[in-house]
Structure formats: structure tokens, C-alpha cells
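okay, here's the prediction I keep looking at, along with the sequence it came from:
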Amino acid sequence: MSAAGGSLPRYILIRLMLVVPMMWVLLTLVFLLLRVAPGDPVTAAVGDKLDADALEARRAALGLDRPLVVQYLEYLGNVVRLDFGTTISDRRPVLDIIVNQGGATLTLTIGAFLFALAIGIPLGLLAGRFRDTAADAGIRVYGIVAYAAPIFWVGLMLVLLVVKLFPSWPTYDIASSETKYYVPDRTGIILLDAILANDSVSVVDILQHHVLPCFTLGLLLSGVIVRLVRVNVIQTLGDDYVEAARARGIPGGRVLRKHAFRNALVPVITVVGLQFALTLSGAILTEKTFNWPGLGAELVQYVTARDYIAVQGLVTFFALAVVLVSVAVDILNALVDPRVRY
């Protein structure tokens, strides 16, 4: 590979081609792991509500009486058609759950990352530039504490401290016609619906209710970003081209912004992008702490109910989201740094 890297279109094409085997491996793992769990999923979910004949009919309807290979091929075909199955316990299509509740999880994830980036990047740059100073030590302690703090505890403490300023009503209460403001559901994302409705009063109210959950999750994510930015800035500031820029009399702040930060950004983009995907699929504790009606809360509910089909469908969706985000991150890296191209 040359120093300038390969062709960007060729790199993107190869990464898109690699999506197929990556997804196949993930889907196979999801299918196999859920089927090694002990017990019959239909009996576990609704065994106390149906008689033996009805249970057998439900198994047949779900295809659980077929050979494992047939179930596997049908599962792959359904996923290709974006059919994630129908829940056992309440007979809801999993795709409907994703459409209806996914907007809340996406809103939480994006809001949390905006807070995390706004906190983590400046603090990481400051710590990297002033390495081994009191400011660096304080920022490093912050990063460790933020990363290690239990999210449910941080959420509860913030609720106790600032709930009067930033109440944490769940999104479905805000969107309900029984509450103070009502926003017609167009996109499944309540904030976007309020903006499309040109309802400034509801936009302000919704933002007020979104601040606390998003800030809580973003605060903890910022700990990862602070440490990552700091390490990469320190490494980049030691490179020869940075020393040459300093020797030419360029001010330290400009060296950091114009020369060091872009090269330090490549590994940061990779980790932050993967963190975004994992947050999208793993904001369960935040959703439970704030009664947030997202996919994480739904997943917990169906795990508790031992609803095998619902858990399989939601986990499959999360796995696909992680793969797609990882591909997007790779393409973004190739745009920032041509050296990573094939």
C-alpha cells in the first residue's frame, strides 16, 4: 500500500462487501445462542395461560416444531425481508416495536453523544496539551470516575439534585394527548415531530425533559472520550512534523488545532463510532432509570417475560445496527486519513 493509501471508491466497495459475512456470522451466533437456552420458549412465555393443545398450536405457528436447519434458513430469510418475528407474549410484530420505540432510543443515544463529545473532546485536548500538570491530573481523575460510575446511581443522584429544573417525564407522557402538550406522531421521534409541527412551546418542553437522561448517559461516555483523546493527542504532539511546526514558531494552540488534532482524530473516530453503536444497543440502565420508553426497556420487559421471539428479534436488530455503524465509521476514517484505505 502506498503512503497515500488506495482508492476511496474501492475501499468503500470492499467494506460494503464485507458486511455480508459479518452479518451472517452475527445472525448465526444470535440464532444458536438463543437456542441453547434451556426450556421451551412458548411454555416459558405463556405456559400458564394456554392448555397443551393451544401451546402446541402456538409452537407450530412460530415454526418451533420444525427441524433446526429449516428454522435457521427461515430466520435468515425473514431478516433479509426485515421481518424480525412476532412476540409470543403479546403477539406484537417486533418490527412495529422497533419503529415505535426506536425513536426514543435513537434520541437518547444522539443526545448523550452530543453531551459526551462536548465534554470529552475539549477536556481531552486540554489534558494532552498540558500533560503531567495539575489540570491533566484532574481531568484524568474525572475520566476514570466518569467511566467507572454506575449509571443508575448517577441518574438517581441527578434526579434528586436537578429534577425541578430538568424533569424526567417519559417520552410517551409528553406525546400523550392527556398531558399539557400534544404533538402528532409523524416520525416516531417526538422532538422531530414537534419541530415539523412548528410548535416551539412543545420543542422547549421536550428538550427540557430530554436533558437529564441524555446528560446522564453522556457524562459517563465522556470518560472514555477524555482518556482516548488525551492519549492520542500526546502521541501526535511527539511526532516530527509537530516538532517542525513548533520550530517554525507556530503558536502551541494553533499546532494543536491545525496539525495534531486531525491525526489524533482517526483512532478517536473508530472508538467513538463503536461506542455509539454499543450505546444504541445498550442504554438499558438509563432507560430503566428514567422510565424512558425505548428499545432497551422493551428488551428488559421481554427478557423478564422469557419471550424468546421478541428477544431474538431485538438482539438481531441491535447486531445489525452495530455492523452498519462500524462500516460507516470505517468509511469516515478513510475520508479523514487516506492511509487506512486498501
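It's in.

contacts only, for Thr187.
Contact analysis of Thr187 by C-beta atoms under 8 Å, 6 or more residues apart in numbering lists Gly103, Asp193, Leu196. In this view, the C-beta of every residue, glycine as well, is placed from N, C-alpha and C.

Gly85 too?
Per C-beta under 8 Å, 6+ apart, neighbours of Gly85: Leu62, Asn78, Pro93, Val94, Ile309, Ala310, Gln312, Gly313.

for those, which one is nearest Arg15?
Nearest to Arg15 among the contacts of Gly85, counting by C-beta to C-beta, is Asn78 at 25.5 Å.

ok, the closest one to Ala61 distance?
As judged by C-beta to C-beta, to the nearest Å, Asn78 and Ala61 stand 14 Å apart.

neighbour count winner among those two?
Higher neighbour count among Asn78 and Ala61: Asn78, with 15 against 12, using other C-beta atoms under 10 Å.

put the buried members of the contacts of Gly85 into a PyMOL selection.
Buried subset of the contacts of Gly85, written as a PyMOL selection, criterion 16 or more other C-beta atoms under 10 Å:
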select buried, resi 62+94+309+310+312+313
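
among the contacts of Gly85, which lie within helices?
Those of those mapping onto helices are Leu62, Asn78, Val94, Ile309, Ala310, Gln312, Gly313, per DSSP state H.

the residues you listed into JSON lines, with extra columns for pLDDT and distance to Val154?
Shown next, in JSON lines, are those (pLDDT from 0 to 100; distance: C-beta to C-beta, whole Å):
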{"residue": "Leu62", "pLDDT": "70", "distance to Val154": "40"}
{"residue": "Asn78", "pLDDT": "87", "distance to Val154": "39"}
{"residue": "Val94", "pLDDT": "89", "distance to Val154": "31"}
{"residue": "Ile309", "pLDDT": "82", "distance to Val154": "34"}
{"residue": "Ala310", "pLDDT": "85", "distance to Val154": "29"}
{"residue": "Gln312", "pLDDT": "85", "distance to Val154": "31"}
{"residue": "Gly313", "pLDDT": "87", "distance to Val154": "30"}
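
wait, what's in contact with the closest residue to Thr86 other than its chain neighbours?
Excluding the flanking residues, the one nearest Thr86 by C-beta to C-beta, 6 or more residues apart in numbering is Pro93, at 5.3 Å. Applying C-beta under 8 Å, 6+ apart, we find Pro93 in contact with Phe84, Gly85, Thr86, Thr87.

what of Lys288?
Contacts of Lys288 by C-beta under 8 Å, 6+ apart are Phe152, Gly296, Ala297, Val300.

the first one: neighbouring residues, count only.
If I follow you right, that is Phe152. Neighbourhood size, Phe152 [other C-beta under 10 Å]: 14.

can you show me the helices along the stretch 1-150 of the chain?
With helices called from DSSP state H, counting those that start in this stretch, the stretch 1-150 of the chain shows them at 8-35, 41-46, 52-62, 68-80, 94-129, 134-148.

looking at these, which is nearest to Asp240?
Using C-beta to C-beta, the nearest of the helices of the stretch 1-150 of the chain to Asp240 is helix 94-129, at 17.5 Å.

relative to the whole chain's centre, how far out is the closest one?
7 Å (C-alpha atoms, centre = their mean, to the nearest Å).

any buried residues in it, and which?
Quick answer for helix 94-129 (16+ other C-beta under 10 Å): 94-95, 97-98, 100-113, 115-117, 119-121, 123-129.

which elements pack onto it?
helix 134-148, helix 190-196, helix 200-237, helix 261-282, helix 284-289, helix 295-304, helix 308-336 (3 or more C-beta pairs under 8 Å, 6 or more residues apart in numbering; DSSP states H and E).

ok now stretch 284-300, how far from the chain's centre?
13 Å.

first-to-last residue distance for that stretch?
In stretch 284-300, first residue to last residue: 8 Å (C-alpha to C-alpha, to the nearest Å).

list the residues that contact the residue lying closest to Ala135 once chain neighbours are set aside.
Nearest residue to Ala135 in three dimensions, chain neighbours excluded: Leu126, at 6.2 Å (C-beta to C-beta, 6+ apart). Contacts here follow C-beta under 8 Å, 6+ apart; on that basis Leu126 touches Ala135, Asp136, Ile139.

confidence score at the second one?
Read that as Asp136. Looking at Asp136, its pLDDT is 89.

ok, how many other residues are close to it?
Residues near Asp136, counting by other C-beta under 10 Å: 18.

from Met22, how far out is the residue lying closest to it once chain neighbours are set aside?
For Asp136, ignoring the flanking residues on the chain, the nearest one in space by C-beta to C-beta, 6+ apart is Ala127 at 4.6 Å. With distances taken as C-beta to C-beta, Ala127 is found 35 Å from Met22.

with Val322 instead?
In terms of C-beta to C-beta, Val322 sits 9 Å off from Met22.

do the same with Asp185
Distance of Asp185 to Met22, computed by C-beta to C-beta: 34 Å.

kindly report the same for Val154.
Applying C-beta to C-beta to Val154 and Met22 gives a distance of 34 Å.

I am finished for the moment; much appreciated.
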